[in-house]
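1. could you look at this predicted model? Sequence included:
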There are 2 protein chains.
Amino acid sequence: MAPTVERVKRRGLGDDAADLVREAIFDGRFPPGAPLREIELAEQLGVSRGSVRDGLAVLAREGLIRTGWHQPTTVIEIESDDVEEVYALREALDGLAARVAQPRIGDSEVSQLLDLVDEMAAEVDGRGDATALVHLDITFHDTIYVIAANQRLTSAWQAVRSQVHLFQLRRVRDGYLPYRDGVVREHREIVELLQGTDQRAVEEVAREHVAAARRSLLASLPPTVR
Amino acid sequence: MAPTVERVKRRGLGDDAADLVREAIFDGRFPPGAPLREIELAEQLGVSRGSVRDGLAVLAREGLIRTGWHQPTTVIEIESDDVEEVYALREALDGLAARVAQPRIGDSEVSQLLDLVDEMAAEVDGRGDATALVHLDITFHDTIYVIAANQRLTSAWQAVRSQVHLFQLRRVRDGYLPYRDGVVREHREIVELLQGTDQRAVEEVAREHVAAARRSLLASLPPTVR
DNA sequence: CAGCGTCAGAATGTCAACATTCGGACATGG
DNA sequence: CCATGTCCGAATGTTGACATTCTGACGCTG
């Protein structure tokens, strides 16, 4: 059943544009609320406006930008309501993913996850690159969704993934220490339960992991925004 | 807080095209697997290929069609794996929506839901228009998501909504009676629990409602497809 | 006759020009 | 001075032509 080689993924210029702009948003070159003008982007990226529109449509699907009729698209702002929405949904999705992934997980998948946790630990003990740590965090959860092997579930995750990424980046910038202290332990606990057979337990821990992140993020948001 | 008037919703031709094509898919004019050629659609709908592309992107986001690089987009097929995926996700989403909606529901929302249930009952006792019944079913769940008032959750629902609609249409065509017998009772039970204060109970009933639909649909799928 | 290379048709991807719409600046009148 | 109406610049929406890629068929070769 397993194909030996995967089909080459060929993509359009729109996807390339989406990657570039997404990276720029994460880097902070497009801060929250900044306008993303099609004409400017088309010139800067060296592609036509049509391709830029395709790319922006991708980012809109990821919830990273807001679009409107005859109105410039802008980078989303981070309000406490948005955090509540995203993390409430993510709690349900991550819980389902963990429950579905548990009976499907194999030794090689466990190794993958443990390697990621080890890299996190090295990063925490080492120079503490917050950006790299967040990237590992997101990749860890990506892996669980891949194991769950439910395309619709993965799509739903991808619709909030970039927002979570953005939120986590903000979280570690405003308060790196509380995030750093729990991240390794919590992820390792998830891996351990994924190796067991108690589906209720994995789901519960996965949900609590998200709930903890939500609390931490809300605490770091300045009161004026709340 | 409540605005007296709502902003007029202006949309592009792409959205109009999406509506027309979606309707055609539900009507069966584009059966599962049928190719949706941009040039043909552009001629038939009287708009340019660019707008058709926009519309197809909308339908792709709804999971109604499959697209590929330099490859004609096609209407999705209904395999048992797809049913498992969609309904596993929907169980989590509907459960969350019901739980969040419960403390937010008011008298006018309850009336709306009860009116829909009454219409279902009238349809069941009357001439039994399966299409209309399915439409009421979907609208019922739409309403719960509106009450939950979580935009990200609603988006996730919309990403599977059309697929659920298509599946349900198939379900009532292959075996109308079992669907008809339970539909009124199950929805009325959900409304009753939404009026209570037991969040666990609403979530549980909402999830079971989806699970029952999944079982019924899988039973109606021909064994060859499974 | 099986396998491979080539080719042609048709569909999608990309582009740049034109049409429409929005938001604010400015002038005007009460 | 505030409210209203008008206009203009700039951005997005739409379109048709051009470029690229895929799929299947055909013919050649071993």
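-> Alright, I've got the coordinates. What you see is a predicted model; the values in this text were computed from it and never measured.
2. okay, now the spatially closest residue to residue A:221 that is not a sequence neighbour: neighbour count?
-> Nearest in space to residue A:221, with sequence neighbours left out and distances taken as C-beta to C-beta, 6 or more residues apart in numbering or on different chains, is residue A:80 at 5.7 Å. (C-beta placed from N, C-alpha, C; glycine too.) Residue A:80 has 14 neighbouring residues, counting by other C-beta atoms under 10 Å in any protein chain shown.
3. same check, this time on the one 3 residues further on
-> Burial of residue A:83 is recorded as 22 neighbouring residues (other C-beta under 10 Å).
4. close to chain B: what parts of chain A are there?
-> A:10-12, A:50, A:57, A:61, A:63, A:69-70, A:85-86, A:88-89, A:92-93, A:95-96, A:100, A:150-153, A:155-156, A:159-160, A:163 (C-beta under 8 Å from any C-beta of the partner chain).
5. can you give the domain ranges for chain A?
-> Split into domains by automatic domain parsing, chain A comes to A:13-75, A:80-220.
6. I'd say the residue nearest to residue A:221 and residue A:217 touch.
-> No. If you go by C-beta atoms under 8 Å, residue A:80 and residue A:217 don't touch, sitting 9.0 Å apart.
7. what sits against residue A:12?
-> By C-beta atoms under 8 Å, 6 or more residues apart in numbering or on different chains, the contact list for residue A:12 reads A:51, A:54, B:69.
8. next one: residue A:41
-> Residue A:41 touches A:17, A:21, A:52, A:55, A:56, counting by C-beta under 8 Å, 6+ apart.
9. residues of chain A that sit close to DNA strand D?
-> Residues of chain A lying near DNA strand D by C-beta under 7 Å from any atom of the strand: A:10, A:35-39, A:49-50, A:53, A:67, A:69-73.
10. quick one, strands of chain A?
-> A:35-36, A:65-68, A:71-75 (DSSP state E).
11. closest to DNA strand C out of the ones you listed?
-> Closest to DNA strand C of these, according to C-beta to the nearest atom of the strand: strand A:71-75, at 5.2 Å.
12. contacting residues around that closest one?
-> Here strand A:71-75 has contacts from A:25, A:30-37, A:56, A:60, A:64-67, using C-beta under 8 Å, 6+ apart.
13. pLDDT of that strand, averaged?
-> For strand A:71-75, mean pLDDT rounds to 95.
14. with stretch A:131-142 instead?
-> On average, stretch A:131-142 scores 96.
15. centre-most residue in chain A?
-> residue A:161 (3.3 Å; C-alpha atoms, centre = their mean).
16. so that residue makes contact with residue A:64?
-> No. Counting by C-beta under 8 Å, residue A:161 does not reach residue A:64; the two are 9.7 Å apart.
17. just the buried ones among the residues of chain A next to DNA strand D, please.
-> With burial judged by 16 or more other C-beta atoms under 10 Å in any protein chain shown, the buried subset of those is A:36, A:38, A:53, A:73.
18. identify each buried residue in the longest helix anywhere in chain A, please.
-> Across chain A, the longest stretch assigned as helix under DSSP state H is helix A:151-174. Neighbour counts over helix A:151-174 (16+ other C-beta under 10 Å) mark A:152-157, A:159-172 as buried.
19. chain center to that helix, what's the gap?
-> For helix A:151-174, the separation from the chain centroid amounts to 3 Å (computed by C-alpha atoms, centre = their mean, to the nearest Å).
20. return the list of helices and strands in contact with that helix.
-> helix A:13-27, helix A:80-101, helix A:130-148, helix A:176-194, helix A:199-220, helix B:80-101, helix B:151-174 (3 or more C-beta pairs under 8 Å, 6 or more residues apart in numbering or on different chains; DSSP states H and E).
21. got JSON lines for the ones you listed, with distance to DNA strand C too?
-> Formatted as JSON lines, the helices and strands packed on helix A:151-174 follow (distance: least, C-beta to the nearest atom of the strand, whole Å):
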{"stretch": "helix A:13-27", "distance to DNA strand C": "3"}
{"stretch": "helix A:80-101", "distance to DNA strand C": "21"}
{"stretch": "helix A:130-148", "distance to DNA strand C": "24"}
{"stretch": "helix A:176-194", "distance to DNA strand C": "37"}
{"stretch": "helix A:199-220", "distance to DNA strand C": "31"}
{"stretch": "helix B:80-101", "distance to DNA strand C": "22"}
{"stretch": "helix B:151-174", "distance to DNA strand C": "20"}
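22. which of the ones you listed has the lowest average pLDDT?
-> Among the helices and strands packed on helix A:151-174, helix A:176-194 scores lowest, with a mean of 91.
23. helix A:80-101 and that helix, what's the angle between them?
-> For helix A:176-194 against helix A:80-101, the angle by axes from the mean of the first three to the mean of the last three C-alpha atoms, to 10 degrees is 30 degrees.
24. now helix A:176-194, how far from the centre of its chain.
-> Computed by C-alpha atoms, centre = their mean, the chain-centroid distance of helix A:176-194 equals 16 Å.
25. just checking, what packs against it?
-> Helix A:176-194 packs on helix A:80-101, helix A:107-125, helix A:130-148, helix A:151-174, helix A:199-220, going by 3+ C-beta pairs under 8 Å, 6+ apart.
26. coming back round to it: can you lay out the helices and strands packed on helix A:151-174 as a markdown table showing distance to residue A:114?
-> Listed next are those as a markdown table, based on distance: least, C-beta to C-beta, whole Å:
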| stretch | distance to residue A:114 |
| --- | --- |
| helix A:13-27 | 26 |
| helix A:80-101 | 15 |
| helix A:130-148 | 10 |
| helix A:176-194 | 6 |
| helix A:199-220 | 16 |
| helix B:80-101 | 27 |
| helix B:151-174 | 30 |
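27. quick one on the thing from earlier: wait, which of the domains of chain A is closest to residue B:199?
-> Judged by C-beta to C-beta, the one of the domains of chain A that comes nearest to residue B:199 is domain A:80-220, at 12.8 Å.
28. for the closest one, measure first residue to last.
-> With C-alpha to C-alpha, to the nearest Å as the measure, the ends of domain A:80-220 fall 10 Å from one another.
29. distance between that domain and the chain's centre?
-> Distance, centroid of domain A:80-220 to centroid of chain: 9 Å (C-alpha atoms, centre = their mean).
30. with stretch A:56-67 instead?
-> Remark: stretch A:56-67 is offset 14 Å from the chain centroid, using C-alpha atoms, centre = their mean.
31. can you name the residue of chain A nearest to DNA strand D?
-> For chain A, C-beta to the nearest atom of the strand, closest residue to DNA strand D: residue A:38, 3.5 Å.
32. quick one, what contacts that residue?
-> Residue A:38 neighbours (C-beta under 8 Å, 6+ apart): A:49, A:52, A:53, A:56.
33. that one and residue A:56, how far apart?
-> According to C-beta to C-beta, to the nearest Å, residue A:38 stands 7 Å off from residue A:56.
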